[in-house]
Each structure stands twice: as structure tokens, then as C-alpha cells.
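In: Fold the following.
(one chain, ligands or ions: 2)
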Amino acid sequence: MKDNQAPKAIYLKDYQAPNYFIKTTHLTFDLSPDKTLVNSELTLERNEQAEEGAPLVLAGAQLTLLAIEMDGVALTERDYSVSGESLTLHPEAQPIPRSFTLLMTTQINPKENTSLEGLYLSKGMFCTQCEAEGFRKITYYLDRPDVMSIFTTTVRADKEAYPILLSNGNLVDQGELDDGRHWATWHDPFKKPCYLFALVAGDLACSSDQFTTLSGRTVDIKLYVEPHDLDKCAHAIDSLKRSMRWDEEVYGREYDLDIYMIVAVSHFNMGAMENKGLNVFNTACVLANPVTTTDDRFERVEAVIAHEYFHNWSGNRVTCRDWFQLSLKEGFTVFRDQEFSADMGSRAVKRVDDVRLLRTVQFAEDAGPMAHPVRPPSYIEINNFYTVTIYEKGAEVVRMIHTLLGAEGFRKGSDLYFERHDGQAVTTDDFVQAMADANGYDFTQFKRWYEQAGTPELEVRDEYDEKAQSYTLHFRQSCPETPKQAQKEPFHIPVKLGLMTQEGDELTEHAGVVSITEAEQSVTFSNVPSRPIPSLLRGFSAPVRLKYPFSNQQLKRLMQHDSDAFNRWEASNQLALGELFRLLALYQRGEPLVLGEALLDAVRTLLEDQASDPAALALMLTLPTEAYLAEEMAVIDVDGLHAVRQFVRASIGQACRDQLMAVYRRNLTPGDYQPDAKSIAKRSLKGVALAYLATLDNGDDKRDAEVVSLCEQQYRQANNMTDQLSALRIAVHAGWSLGGELLAEFYQQFHDEALVVDQWFSVQATSPLPTCLDHVTTLLQHEAFELTNPNKVRSLIGAFCANPAQFHQQGGAGYAFLADHIIKLNAINPQIAARLVAPLSRWRRHNEQRQGLMQAQLQRILAEPDLSPDVYEIASKSLGAE
Ligand code: TRP
Ligand code: ZN
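Out: Ligands and ions are numbered 1, 2, ... in the order given. Modelled structure (predicted):
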């Protein structure tokens, strides 16, 4: 791409209110795959702040304008001008009046729309995705969230091919047309920005239920799916009803329409979309049953259903003023869904899962070329800012507000926020202001979390004064440089902490939350009878990197006795981390590796523990991933980390064989499959034990026959996908000939279940065997693979790039493979192509040789002639050119 064609950034500081508002929007769709007509009748009103005759510029992309009228008078080409991205009105006869109607007819081609943004086809079904700026691919409009309108939508289509016609709100009328077509009209009584508009038409089956709200209103629940997926609806509907109840109980928020619809679609760029009254879901985030769906996926469905439901208040009733405020709805809604899941299952397990994601993916983003604040100051393509920083770090920021105010204070703040801003499009400042006003709390310094990028480091030293019986913690915070932000001001960091005696007893009077606000700050505790062990950052109370020189002895104590479940896990994690890096140093010096006693001893203790929650034990027994370990290194040693981690796994397998076998047998879940927390916990611990045992084998000649047959038995006797898939993965990744056999059988059994085939692709793409890339390349030709389906791309290409040892293989074949597909996808689906650039963007963290190979692929991508703004932004920022 040449410089003069480079897409331009837009800036928060340039925000201006719109010149006009759109009071009502009447849409009529005549659906046909390659020639859909969209009729749009808008009533507009000038913003009182705008001057008379202020220009009206409507956004529009890939549209053919067939007709345009203003107040019933057809406009001629002298009255308006159309460019690639907009339609500007400058009527010759008279200036634009204070209020007027605009009528437009545009033609679009859903069949050719592979970007999955705007109106498109998925397996013969029409559906829309308008967030963030997809509505402009449907008709000319003020496509910005601060323009909120009342929508009425008529859909016309062939009755046989599209018996179901849906849009937002309530069905007001329907009927038949001649020529085999029919129509339906929907009206949404709540004003909304156009990014929440939705339309669906197709041959769909429906699973129905009802929910009675706290005030006694009945809400119809309708989940629309392909007929063969009707057996996978129950879990989503159950999750929805529990979400509706939870939002009433915890936030006092009721649902506001008489109907709540969800549609499952196979081709979808993200997880799901909260369109008012008509959510559209990626099939992967809504369909579930025991035979096809793992426990992890059951939990994910529950979380995404809740997330989209919670958006009805945090997102729809109160929406964003502009896209710089995206975390206003996403950070808050993720926090809400995290808390919901915590209440439904194990709070500690949920927190550990969330923190693991944050530390691997978000910390990496915050340390790379795409680092941005929770409220970014600028962007080139907004689709690139649906990031872990906006979502997960944004949720951490809301969580810190919750920690500082307490549950009651937070609820006062959220009540005020919803009351004050219902029906408005607002900013993150408005959110924080409501929290501040409801509690008389000063969040001035705290707001730096929205403005400064980068993960702060919090170093802690301590001192014990035996004579004075006092204990002092010295904190020092700093934050690394990020793009365009060299200097950082100190953050307001809530540190939840407690002190424990060397014997493991909590000094309860010293537990609490301290606010660290200075670059350096000390906190002294008196009446401390002996040197305590500090339990710091309990529940991971702030998204920082904590540095305190724990000894293995202290970690072992915390692991066993800390009253904070998260920190018990964190202690086990730190213990493993310390051992892995000790071994890595030996590895790098070419010295022999011997597993240290401290970690082995801790593992043995965990394997003997029959009292604790098996899910917590499973997490504590899982070694830090290579991705997490990589995040802790200045220069990532891909090969060293892989070798050392494999060594530790095998050493534990060898040293603890009998105990692992016992754990395996203690955690069988005989009888019918149950997706409850207790059974899920047992299956996960059993899976961890089997994975360790599988390391005993060194290829088919020296195989530990008992382990292989245990694995085969688990696969063949499984009555659920969790057990079946974990056995398959273990057999395939171990390179056993059994793995090949099971892969073939598995595909045979599930080739009609698209989501299971996705898992089958992923198992193969994440194999540590050196043949992995060749194998993945072959699978691209497989009958079930489809480059136009994001789920397939993620499960094969995406999964391969998250397989460190194979993606980063010597010679750079993994990088070239990825670049080839980014280039192909750039022309098909820019959003998906851009997301795939992330693994290459981290080139600065690797050794020189890999740096060169990765940069070369980024340069190759940037040299492409028709690069989308999406891919351009990430590739150019990665190379430091932007
Ligand atoms: N608002 C959606 C959510 O978080 C995100 C989303 C769904 C999205 N589909 C999208 C964002 C497409 C950008 C493009 O729930
Ligand atoms: Zn969301």
C-alpha cells in the first residue's frame, strides 16, 4: 500500500455532536440473495446546537442508490453528492429545513458479502451484523451510536425459502403477497442506535420458553436454530432464564420487551451480538448438548448468553456516545457476566480462569505495538478495537471500582448510572461520575486506568521490626512505555491483602484493601507478634504485575493456608513459575535438568488432597502455559520453554505415577452425564491426571501400555464430549498410533456436527509433533474446511498460531503459512484477517533470527495492493510505521 492511500486515524478529541438526529426509521426489505432492495424512510431533525442549514452527511458503503426524495420531492444529482463512503445533501432549491423526511432506496448484494458485516447470507439464511459500522452497508444513515431512533421494519421474502422473518421489537403485523412471497412488520418501541438493528430471514426451527419478571410480566423466549440443532437449545435457554433472574436480584434490572429472541448462525465474526430483542449468536456460543459439547463450552455458552442479555441495560438502554467509549458497555458487561458465572459455579475457579486469560493475552497486548488505553484516544479501524484490553482490562477497571466502593456502594452507583442515563448515549466519564456521586468518592486519579496503556508493575519489599512488633510493606509502582505514551503518572491501585503467621494462621485484624496512589508508598501494621507471610493482591484486586521475592517455603504455606482461594492458586502458580525458570536457566547453559523437590513436594500434596474442590486442584496442578511463561520473559526462548515444560510434565508423571492413577480413579463420573459444577470439577481433575500419565510414554516402542489403554477406554466408554475429546487430544498429541485411529473414528462419528469438527481441527492444529504444519496444510483441503467461515479459520489456522513450538519453528515456515492466509482472508473477511496478524505483531519479543523472519512476513503483507484498513492498521503499527 502506498503512503498517500493509507487510511487515516480518527481522534476522540475531534468528537462533535451530530448536526441532525433521526427521530424515526422505517425500513422495508425486499430480500433476494443478490439483489436486495432496501427502502428507508427517515424523519430527521436538526440538532439545536447546529446552525441553520448545517450539512447532512450520511454514511454508506457498497450501496447502489436507486432513489432519493426529500419531503416528497425527488432530488436530482445536483442536490446531493455520493462518494465511496458517504452521501452529502446540499439541496439547490432551499437549505436543509429544521425537520424533514428523507426517503431512499438502495440495492445491495448479500450473497457477495463475505465480510459478515451488514446484511449477508449464512447457509442460506439472511442475517445482519451492524456493530460497529455495518449498518452503512445496508442503507445511507447517520451510522454513529449517539443517533438513536425508533425503528419499524418490514421484511418481505419468498415464503418457502424464508418462512421465518424477524427484526427487533414486537411483531405488529404479517401477511401474504402474491408470487409466493410473504411479509412481516416489526416495531421496536425503544430508541436505539443503528448498530443494534437486526434482521433475520430463513428456514429455522424454534425452541420456546417463557420467563416471568419480578413485576409479573411474561416474556416469550424464542431460540431459532437449524432444525437439526433443536437438541442443543436447552442449556442456552436455561442460562438465559438464570441471567434474567440474576440481573433482577443483583442489579434490580428487569427485561423490557414482551419477547426475547436469539438466532444461531454458523458464519459469525465474533461470539454473539446484543441487538435489541433479537440477539444473533455464533452457533459455537449457544448450541450445547453432552454428546457434542465439552464442559468448557457449556460454561462459555452460559457466559455469552448472560453477557448479551446484560447488554440490554449496559449497552442498549444506556449506550455509548462514540466508539472510543466502547469499554463503557463492554468492560461493564464483561464484569457483570464474570460475576454471574462466579455466582453460578465456583467463584475461585472463575477468577483463576479470567486472570489466566488476562495475564496471557491482555498483558501481551499491553506490552506490544497495539497497546492502547481502555478508552483509546484514536483508531484507524474500530473493528480492531474489540480487544482484550477493551473487554477484559475494562472489566478489571470496573472490578476495582467495585472493590473500592464495596458491593453496596457499587449498587448505589449503578442505580444512579441507569437512572441518570436511561435512553442516552454516554461516556466512561459519565459512568465513573455516577459511581463517584452516589458514594461521595473521588475517582480523579483512578480515571488514569482509562487513559494510560500498559501493565503497571508493583514491587513490594517488607520489613519486620521485632522490638516494635511492627511490619511494613514498601510499595513501588511503575508502568512501561507504550506507543505514544512514554511517561505515566501513578495509578490508584487497590491492593487487597492479609497477613499470615508462619504457621498459616490469618491475622484477621490486618486484612483489608489499601489504596496505593503514590509512586512509592509504605504501609505499616502494628501489633504483629512475629514476622508474617504477606498475602498480596488477593483475588487479583488490580491488573498489575506484582513482584515480591517469595521463598518456596512461603509459597507452600500460602498454597495450603491462605484464606483467599485465588491466592492459594497463585502460590502454586508462582512455585511452578520459579521452578520452570530455574530449569530454563540450566537448559540455556546446556546443563542437565533435575526437577526440584519443592515443586514435586507441592504436587504430591495436591495429589493427596481429597478435601479440596477438584476443580481448584486441577487448576493448581496445571503448569503455567508456554504463552504465559513467554509473557514473563524479555526475550522469549520458545524452544527452551517448550523443552523445560515438557520435561517438568514428564518428571511429574514419572515420580507420581501411582498417585496420578489413584486421582484418576477417584474422579470417575459414572452414570448419566451431568453438567453441574461438581461433575465438571471431577472430569477436569481426571483429565489433568491422564495428561500427566500420558507423558510416561516415549513412542510406541516404550509405551506404558496401561496408560494407553486407560486413554483408549476413556475414549470408547465416554458418554460425553469432555471425556471423549480429552482422550482424543492426549492420544494425538502423544503421537501414539491410537491417536490416528481415534481421529478417523471421531470424524466418522461427528462429520455432521460442524462445531465438533471444529474441535477435531483444533486437536490436530495444536499438536506438539513436528509434522503439525504439514498436517494442517493438508487439512486446509479437507471437505469440512471453509475459508469463508470464521469458526473454521479460528479452529485450524488460529489454533496453529497458538501452538508456540510449531508456529515458531526454525526457518519461518509457520510465519509464511500465516501470512499467506492473512493475504487470502484480507480479500474475503478483513476483520478476521486483521485478528490473525497479532501473533506476528509480537516479533520484537523474539530472538534476532525470528525477528527477521516475522518482520519479513509483515512487510510482505503491507506490500499487498488492496489491503483493508483493518489489516493495514495492525500490520503497520506492528512494524512501527504508524
Ligand atoms: N457487542 C458484541 C459483544 O461483545 C461484539 C460483537 C459481535 C462485534 N459481533 C461483532 C463487534 C462484530 C464487532 C464486529 O457482545
Ligand atoms: Zn459485549
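In: Listing request: residues of the stretch 551-700 of the chain with sub-threshold pLDDT.
Out: 697-700 (pLDDT under 70).
In: Can you show me the helices along it?
Out: 552-561, 565-588, 597-608, 614-621, 626-631, 638-655, 657-666, 677-694 (DSSP state H, counting those that start in this stretch).
In: Could you tell me how many residues sit around residue 82?
Out: As a burial measure, residue 82 scores 16 neighbours (other Cβ atoms under 10 Å). From N, CA and C alone the C-beta is placed, and that goes for glycine too.
In: Repeat that for residue 474.
Out: Residues lying near residue 474 (other Cβ under 10 Å) number 14.
In: please renumber so the chain begins at 145
Out: Done: numbering now begins at 145, and the last item shifts to residue 618.
In: Residues of this protein that sit close to ligand 1?
Out: Contact residues, the chain versus ligand 1 (Cβ under 6 Å from any ligand atom): 273, 275-276, 413-414, 416-418, 451-452, 474, 527, 530.
In: let's see it at 8 Å
Out: Within the chain, the residues that sit near ligand 1 (Cβ under 8 Å from any ligand atom) are 260-261, 273, 275-276, 278, 412-418, 424, 448, 451-452, 455, 459, 473-474, 477, 526-527, 530, 535, 975.
In: now, which of those residues lie within strands?
Out: Among the residues of the chain next to ligand 1, the members falling in strands (DSSP state E) are 273, 416-417, 424.
In: neighbour-wise, which of those residues leads?
Out: residue 424 leads those on contacts (other Cβ under 10 Å) with 27 neighbours.
In: what's the nearest residue to it if we skip its chain neighbours?
Out: residue 417 (4.8 Å; Cβ to Cβ, 6 or more residues apart in numbering).
In: My read is that the one you found contacts residue 273, right?
Out: Yes. Contact criterion Cβ atoms under 8 Å: residue 417 and residue 273 qualify, at 6.1 Å.
In: residues shared between the contacts of those two?
Out: residue 424 (Cβ atoms under 8 Å, 6 or more residues apart in numbering).
In: Single out the residue in the stretch 145-294 of the chain that lies closest to ligand 1.
Out: The stretch 145-294 of the chain approaches ligand 1 most closely through residue 275 (4.7 Å), counting by Cβ to the nearest ligand atom.
In: Roughly how far does that residue sit from residue 261?
Out: Separation of residue 275 from residue 261 (Cβ to Cβ, to the nearest Å): 9 Å.
In: okay, those two: which has more neighbours?
Out: Using other Cβ under 10 Å, the more surrounded residue of residue 275 and residue 261 is residue 275, with 26 against 23.
In: My read is that that one contacts residue 413, right?
Out: No. In this structure residue 275 lies outside contact range of residue 413 using Cβ under 8 Å: 10.0 Å.
In: ok so, going back, may I have the predicted confidence score for the residue nearest to residue 424?
Out: At residue 417, the pLDDT value in this model is 99.
In: quick one: contacts for it?
Out: Residue 417 neighbours (Cβ under 8 Å, 6+ apart): 273, 275, 342, 423-425, 452.
In: Residue in this structure with the shortest distance to ligand 1?
Out: Closest point on the chain to ligand 1, by Cβ to the nearest ligand atom, is residue 414, at 3.6 Å.
In: so how far is residue 797 from that residue?
Out: From residue 414 to residue 797 the distance is 38 Å (Cβ to Cβ).
In: What parts of the stretch 445-594 of the chain come near ligand 2?
Out: Contact residues, the stretch 445-594 of the chain versus ligand 2 (Cβ under 5 Å from the ion): 474, 477.
In: What are the boundaries of the helices in the stretch 445-594 of the chain?
Out: Going by DSSP H, counting those that start in this stretch, the stretch 445-594 of the chain shows helices at 470-488, 491-501, 507-510, 532, 538-565, 572-583, 592-595.
In: want to throw the helices of the stretch 695-844 of the chain into CSV with mean neighbour count?
Out: CSV is the format used below for those (neighbours: other Cβ atoms under 10 Å):
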stretch, mean neighbour count
helix 696-705, 19
helix 709-732, 20
helix 741-752, 18
helix 758-765, 23
helix 770-775, 21
helix 782-799, 19
helix 801-810, 17
helix 821-838, 22
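In: Residue 969: which of those helices is closest?
Out: helix 770-775 (22.7 Å; Cβ to Cβ).
In: From the chain's centre, how far out is the closest one? Work that out for me.
Out: 19 Å (Cα atoms, centre = their mean, to the nearest Å).
In: show me the contacts for residue 174.
Out: Residues near residue 174 by Cβ under 8 Å, 6+ apart: 180-183, 300-301.
In: Quick check: phi and psi at it.
Out: phi -110, psi 100 (degrees, to the nearest 10).
In: circling back: and the contacts of residue 174 as CSV, adding neighbour count, distance to residue 396 and pLDDT?
Out: Listed next are those as CSV, based on neighbours: other Cβ atoms under 10 Å; distance: Cβ to Cβ, whole Å; pLDDT from 0 to 100:
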residue, neighbour count, distance to residue 396, pLDDT
180, 19, 42, 99
181, 16, 44, 98
182, 21, 39, 99
183, 17, 41, 98
300, 21, 41, 98
301, 24, 40, 98
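In: Could I get the contacting residues of residue 476?
Out: Per Cβ under 8 Å, 6+ apart, neighbours of residue 476: 458, 538-539, 542, 575.
In: same deal with residue 211?
Out: Applying Cβ under 8 Å, 6+ apart, the residues contacting residue 211 are 218, 247-249.
In: how about a cut-off of 7 Å?
Out: 248-249 (Cβ atoms under 7 Å, 6 or more residues apart in numbering).
In: partner residues bridging it?
Out: Counting by DSSP bridges, residue 211 is bridged to residue 249.
In: From residue 246, how far out is it?
Out: For residue 211, the distance to residue 246 equals 11 Å [Cβ to Cβ].
In: do residue 186 as well
Out: 5 Å.
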